Each structure stands twice: as C-alpha cells, then as structure tokens.
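[1] let's see this in three dimensions:
(2 chains, ligands or ions: 2)
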Amino acid sequence: MDKQELIKKLEEQARVLRRDIVEIVGVGLPGHIGGSCSSADIVTALYFYKMHLDPKNPKKIDRDRFLFSKGHAAIVQYAALAELGYFDKSELKKCKSLGSILQGHPDYRKTPGVEANTGSLGQGLSIGLGMALGLKLDNIDRKVYVIIGDGEIAEGQIWEAAMAASNFKADNLVAILDNNELQATGPIAERFNTNPLIPKWESFGWNVIEINGHDMGQIIDALDEADNVKGKPTIIVAHTIKGKGISFAENAVEYHNGALTQEAYEKALAELSC
Amino acid sequence: MSYTNQRIAYGNALVQLGRENRNIVALEADLGKSTMSHMFQQEFPDRYFEMGIAEQNMASTAAGLSLTGKIPFIHSFAVFSTGRAFDQIRQTISIGRLNVNICGSSAGLSDFGDGSTHQSVEDIAIMRAIPNMTVFCPVDANETGKVVRAMAEIDGPCYIRINRNDYENVTSEDTPFQVGMPTVLKDGSDIAVFAIGIMAVKALEAAKALEGKISLKVINVSTIKPLNAQAIIDMAKDCKAVITAEEHNIIGGLGSGIAQALSKECKPIEFIGINDTFGCSAHSYDELLDYFDLTPESIIQAAQRLNKSKY
Ligand SMILES: Cc1ncc(C[n+]2csc(CCOP(=O)(O)OP(=O)(O)O)c2C)c(N)n1
Ligand SMILES: [Mg+2]
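    Ligands and ions are numbered 1, 2, ... in the order given. Take a look at the predicted model:
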C-alpha cells in the first residue's frame, strides 16, 4: 500500500474509534471523552499500523505491548481491541456496567488484550520499563509503547522511570506523551505547569521526537524512527487537542470526564459519521 | 442549611475554618472539583496549592507547611491520599505527630463508574494502623462539617473519609459531636449495630423493617480511631449480639476494631462489609452497594440469624 493510501486508511480507522468512544460513553453517565479522543490517532497508528499483535492469541510471546499509563482513557483502547476482534463489539455497550469485561480503568484480568492494570496515574512507564527489560532478557525483539499524560507527568514516579529507562538503555521502550495541555481541573499552564517538556526529557537521557499528534503521517514516521534509535529510550511528544474530533468537546475541560446529553450525543455521532 | 452531600459540606466547612483561622491552608492533587477543595481556592487563592497529580509530594509539602505553623488539609480520592502517599504520611507526618489533615474523598465504592482502581476498600485499615493517626468517617453531610472543625483542633494527623454521592442526613445540625464518642442514632434492646457512613443509613432502614420483631440499636461510630472501647462495651451491654456495618473490607476496618473492643464480652458478632475483594465498575452507586450486599437486607438477615441462635 502506498503511504498516502495507508494514511487515509488509518485516518478512517481513527474516525471509527472516535465514534466508538461516543457510543461507549452514551447518554447521561460520565466518561473520559477528552483524553480518549486526544489519544485516538496515536492509538490507531499503534494498533492498526505499528504493533505486531495477534488478536486470536493475545498472549503470544512474540508481540509488542501497549500500556495506557493514563488509564482513564481506556475506552479508546477498548474500541481498538474490539475492532481488531479481541472480543465481540457488543461488549463495548456494556462498558463500565456491573459485571462487564470492560472496567472504568484497564484490567489485565478482565479484558483480553489489556497488558496490565493501570489507572492510578504515574505508574505505567515503570511497568513498561519492566516489560522492556523482560523482553530483552528473553532476546525478544519487540517494543513496549506507553502513552502518558501531560498532567500525569507531575507524578514523581514518572521521573524515576525516566531515569531508570535511560540508565538501563531501554531502547525497546517508547513513551508517547499526549500533550493536550489540560489536566482534570483546567489548563496545565494555569493549574500545575509541567512544562518545558523537551529539555526535561532530553536531560533525562531520552531521544525526543516532537510531532503533531493528530497528523497520521507524522505519527507513523515517529514510530518508525524510534525503531532505529539504539542505546536510549524514545519519547514522542505529541501535541494534541483534548476532545479532538468532537467540536464542542475540543479543549473543553468539562469533557475530561463528562456526560453527554441526548442532543450532544447525537451531534457528536453526526460529526463523526463519514 | 441541610446538606445532602458530604463533599459540599466538607468544602463549606473548610472555607468557614479558613475565615476564622488564617493558618488553614489547602493542598490539592488535581481533583479540586471533585473533592470540593476548589471552594477554598475560590476564597483563599493564596492559601491554596495546586500540587498537580503528585500525591506524595503533596503530603510531604504539607508536612513542611505544618512545621511553619500552618494547618494543612491535603486532598485526593481516598485510594490516592492514603495509598499513594502512605510512606510520607507515616514517616514525617505521623511519627512527627504533625497537624496535617488528610481528606480521602470519593471513598469506598462511591466512585462507582471508575472501578477497582478508584474505589477504596482498605483506606480505613491503612490509616487505623498508623500510630498517632485519628480516623473519622462522618455519618452524613451534617456531621462532616463538625469533623472538619475537630481535625483542625486536634494537634496531630487526622484522616477523614468522604462519600462522593448524595444521601439523606441522619443527624441534624444541632446533634452534638464529640471526638471519640459513638452516638446512638436509634435505641433498641436485642442487637447492637455499630455502623459507619452510609451503612448507618442502611442500618436504620433495617431497624425500621424489623420493628416489632427484633429491636435493633443503631450506633454511629464516626470516630473509628481512637475507638472508645468502654463506650462500645456500655452500648452493647444490654444487647445479646452485635452487628458491624461498613463500606470497607471486613479486614482491618470498623468490624475489626469493634471485635477487639468487645473481645472480653463474649457476644456473637456478624460483620457486614466488603468480603476481601476489590470493587468494580457499575452504572450506579446503589447497584454496586446491592452487588456487595451492603444493604438493609443483609443487616436484617444477620439480625435474624443472631436472634435465632441460642448463645
Ligand atoms: C494517582 C492518581 N491521582 C489522581 C487521579 C485522578 N485523575 C484521573 S485523570 C486525571 C487528570 C489527568 O490529566 P492528564 O494526564 O493530562 O490526562 P489527559 O489530559 O490526557 O486526560 C486525574 C487527576 C488518578 N487517576 N491517579
Ligand atoms: Mg492532559
């Protein structure tokens, strides 16, 4: 497939995932729409382009691994897993209901394709590092991809992991920072400023790639570029828009974990129809 | 004014305290709109510290503020304010007996949608086990404000457990509150039910349903630590059996404390609580409470079992 075609296909897939997000959240109950939509293009590129996976055999040893360290955005991962056939798409509607295999935050024991329990922010990069080290011990040439949030990186553990990953030269660990400039209570710049990002990560010994996190071409290029980096971990700082793809949710802190009215629900679905 | 939400009652009380004492300061870890600490920020922006999503740093920073004579209140969901910052709370705050006040908001199963990662089933156990720590679980919104006031006055670390959801008050604004003193919400003679938080409401419903059959005495134990053993013994004295009811793991919570207090009394005890499992997601709080048998029915059934057996 030529690159333009591939990009088109992935963009279309991302639209489908965003539609799924809206359908999962439904009407009247809160859902993490904002952070799911800001990660949607990256998640699409990982699951539908980059990662070596086998949905029929989710535990296949020789696979790449994905972790949502910002576990609250799980619904976009659930959408991707369902589209790939890890479980039936009908499960999506049951998300967060009593007894569902799809919990409010990723649950390793309940959801096929989920690699670890996350949801308490700041821990996923360390888990990813452990996986990266384990894969190296077994000489398995696969990567671990971890999406972290720009609010989340206030957690000290992120920086413990950052230091450890460069200490161990974990070049099979790739972090993607969803830099949507919002945390739960408002703009990062006004609430708790985690900037500047690039010099921080560089000084912690990481290879840093900066991209527009909604430009599919840039996303796949960055993921490919990370393959060629040896001796240090890579972080892709992806500039994104929280709520991307749903006009009224874009940059709107209310949709960090907001509920949709019937009207908003229909509007969102309409905007995401082809 | 009668509040039906503990979080709002908490926010109001903190603001009121802030007006009376300029040493009151608040620290938050990006959940101010949930914990309602943002009410304090609106009135006292200079005495409010948004610490970002960094609970451990928040706890130790509060220790430092306290060592300069401030009276800090730190905030997050109960799982994070107790679990994530445990060592910081233990080492400097509790060993040093600092007046740092810890708010565990959205406690128990009350954050029903977010699931196990966000539902605290062990926060009371963790906090109870730390020497010097005082542990409160206000029974309703009315009592919440009184507890907040007491926390500022107690010269040492305190923990308060706050429910996310609305429910009715079972005390009034005039009901006296005394640290360490359990209070009888409804008198009775057959079985004593010691309860905390929303489970006191469930116990009152059970008592009503059993009226004329089994007489339940319902006791609110809003100070979980220090637990007033003599008061517990006195309150259970005329009853032949005891039930404890809590929205928490039955290991290490209220039930464990009551059983220890009554260990020489030779009374049978039934424990209503979460049976050593994590929570899970649900579409409503009530659905989740039902699922974990935190209901008037389970209290009724326990009472019937205890009433039937010959002890
Ligand atoms: C340790 C911890 N503290 C607090 C929370 C509650 N929480 C969930 S999401 C969130 C904000 C996350 O902001 P960011 O990392 O920027 O994510 P995004 O904007 O992509 O949603 C907070 C505070 C949590 N899940 N874990
Ligand atoms: Mg963000």
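[2] got the contact list for the most centrally placed residue in chain B?
    Centroid-nearest residue in chain B: residue B:137, 1.9 Å away (criterion: CA atoms, centre = their mean). The contact partners of residue B:137, by CB atoms under 8 Å, 6 or more residues apart in numbering or on different chains, come to B:107, B:124, B:160-161, B:196-197, B:221-222, B:224, B:254. Every residue, glycine included, has its C-beta placed from N, CA and C.
[3] of those, closest to ligand 1?
    Nearest to ligand 1, judged by CB to the nearest ligand atom, of the contacts of residue B:137 is residue B:107 at 14.1 Å.
[4] how close does the closest residue to residue B:93 other than its chain neighbours sit to chain A?
    Once flanking residues are discounted, residue B:93 sits nearest to residue B:100: 4.6 Å by CB to CB, 6 or more residues apart in numbering or on different chains. From residue B:100 over to chain A the distance is 19 Å, taken as CB to the nearest CB, to the nearest Å.
[5] so where is the chain shaky, pLDDT-wise?
    All of this is about chain A. Nowhere does chain A drop to pLDDT under 70.
[6] switch to chain B, that's the one I care about
    Across chain B, the ranges flagged by pLDDT under 70 are B:1-3, B:310-311.
[7] okay, domains of it per the record?
    Residue ranges for the domains of chain B, per automatic domain parsing: B:3-168, B:183-306.
[8] okay if I get the ones you listed as JSON lines plus distance to ligand 1?
    Below are the domains of chain B laid out as JSON lines (distance: least, CB to the nearest ligand atom, whole Å):
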{"stretch": "domain B:3-168", "distance to ligand 1": "4"}
{"stretch": "domain B:183-306", "distance to ligand 1": "14"}
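[9] in JSON lines, list those along with distance to residue A:232.
    Output for those, formatted as JSON lines (distance: least, CB to CB, whole Å):
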{"stretch": "domain B:3-168", "distance to residue A:232": "25"}
{"stretch": "domain B:183-306", "distance to residue A:232": "37"}
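[10] follow-up on the earlier one: the residue nearest to residue B:93 contacts residue B:61, correct?
    No. Judged on CB atoms under 8 Å, residue B:100 makes no contact with residue B:61 at a distance of 9.9 Å.
[11] in terms of neighbours, single out the busier of these two.
    Between residue B:100 and residue B:61, counting by other CB atoms under 10 Å in any protein chain shown, residue B:100 is the more crowded of the two (31 against 18).
[12] residue A:198: neighbour count?
    Using other CB under 10 Å: residue A:198 sits among 14 other residues.
[13] could you find the closest non-adjacent residue to it?
    residue A:208 (5.5 Å).
[14] mind listing the strands for chain A?
    Here chain A has its strands, by DSSP state E, at A:65-68, A:144-149, A:173-179, A:182-183, A:186-187, A:207-212, A:234-239.
[15] kindly reformat those strands as TSV containing mean neighbour count and distance to residue B:234.
    Below are the strands of chain A laid out as TSV (neighbours: other CB atoms under 10 Å in any protein chain shown; distance: least, CB to CB, whole Å):
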stretch	mean neighbour count	distance to residue B:234
strand A:65-68	25	53
strand A:144-149	28	52
strand A:173-179	28	57
strand A:182-183	27	50
strand A:186-187	16	51
strand A:207-212	18	66
strand A:234-239	24	62
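[16] between those, which one is nearest to residue A:37?
    strand A:173-179 (10.3 Å; CB to CB).
[17] does that closest one reach ligand 1?
    Yes. Using CB under 6 Å from any ligand atom, we find that strand A:173-179 touches ligand 1 at residue A:178.
[18] partner strands of that strand, parallel or antiparallel?
    Taking DSSP bridges as the criterion, strand A:173-179 forms sheet pairs with strand A:144-149 (parallel), strand A:234-239 (parallel).
[19] show me what the first one is in contact with.
    Read it as strand A:144-149. By CB under 8 Å, 6+ apart, the residues outside strand A:144-149 that reach it are A:35, A:39, A:42-43, A:46, A:50-51, A:64-70, A:73, A:121, A:124-125, A:127-129, A:131-132, A:135, A:158, A:172-178, A:180, A:183.
[20] what about residue A:249, neighbour count?
    24.
[21] gap between residue A:205 and residue B:165?
    46 Å (CB to CB, to the nearest Å).
[22] who has more neighbours out of these two?
    Between residue A:205 and residue B:165, residue B:165 has the larger neighbour count (other CB under 10 Å), namely 19 against 15.
[23] what residues are up against that one?
    For residue B:165, the contact set (CB under 8 Å, 6+ apart) comprises B:5, B:110, B:285.
[24] can you add secondary structure and distance to residue B:128 and give those back as JSON lines?
    Listed next are the contacts of residue B:165 as JSON lines, based on DSSP: H, G, I helix; E, B strand; the rest coil; distance: CB to CB, whole Å:
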{"residue": "B:5", "secondary structure": "coil", "distance to residue B:128": "25"}
{"residue": "B:110", "secondary structure": "coil", "distance to residue B:128": "19"}
{"residue": "B:285", "secondary structure": "helix", "distance to residue B:128": "24"}
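[25] which of the residues you listed ranks first by neighbour count?
    Counting by other CB under 10 Å, top hit in those: residue B:110 with 27 neighbours.
[26] name all residues that make contact with the closest residue to it other than its chain neighbours.
    Leaving aside its chain neighbours, residue B:110 sits nearest to residue B:164 (3.8 Å; criterion: CB to CB, 6+ apart). Residues in contact with residue B:164, defined by CB under 8 Å, 6+ apart, are B:7, B:34, B:105-107, B:110-111, B:285.
[27] rerun at 10 Å
    Residue B:164 sits next to B:5-7, B:34-35, B:77-78, B:105-112, B:118, B:285 when contact means CB atoms under 10 Å, 6 or more residues apart in numbering or on different chains.
[28] show the buried residues in the contacts of residue B:137.
    B:107, B:124, B:160-161, B:196-197, B:221-222, B:224, B:254 (16 or more other CB atoms under 10 Å in any protein chain shown).
[29] ok but residue B:299 is inside a helix, no?
    Yes. In this structure, residue B:299 lies within a helix as judged by DSSP: H, G, I helix; E, B strand; the rest coil.
[30] secondary structure element holding the nearest residue to it once chain neighbours are set aside?
    Counting by CB to CB, 6+ apart, residue B:206 is the residue found nearest to residue B:299 once chain neighbours are left out, at 3.8 Å. Element membership for residue B:206, per DSSP states H and E: helix B:198-209.
[31] need the next SSE after that helix, C-terminal direction.
    Next in sequence after helix B:198-209, counting helices and strands by DSSP H and E, comes strand B:216-220.
[32] report the distance from that following strand to the chain centre.
    Distance of strand B:216-220 from its chain centroid, counting by CA atoms, centre = their mean, to the nearest Å, is 16 Å.
[33] identify the residues contacting residue B:92.
    Counting by CB under 10 Å, 6+ apart, residue B:92 has contacts B:59-60, B:62-64, B:66-67, B:98, B:100, B:157.
[34] can you select the buried ones from the residues you listed in ChimeraX?
    This is the ChimeraX syntax for the buried subset of the contacts of residue B:92, where burial follows 16+ other CB under 10 Å:
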select /B:59,60,62,63,66,98,100,157
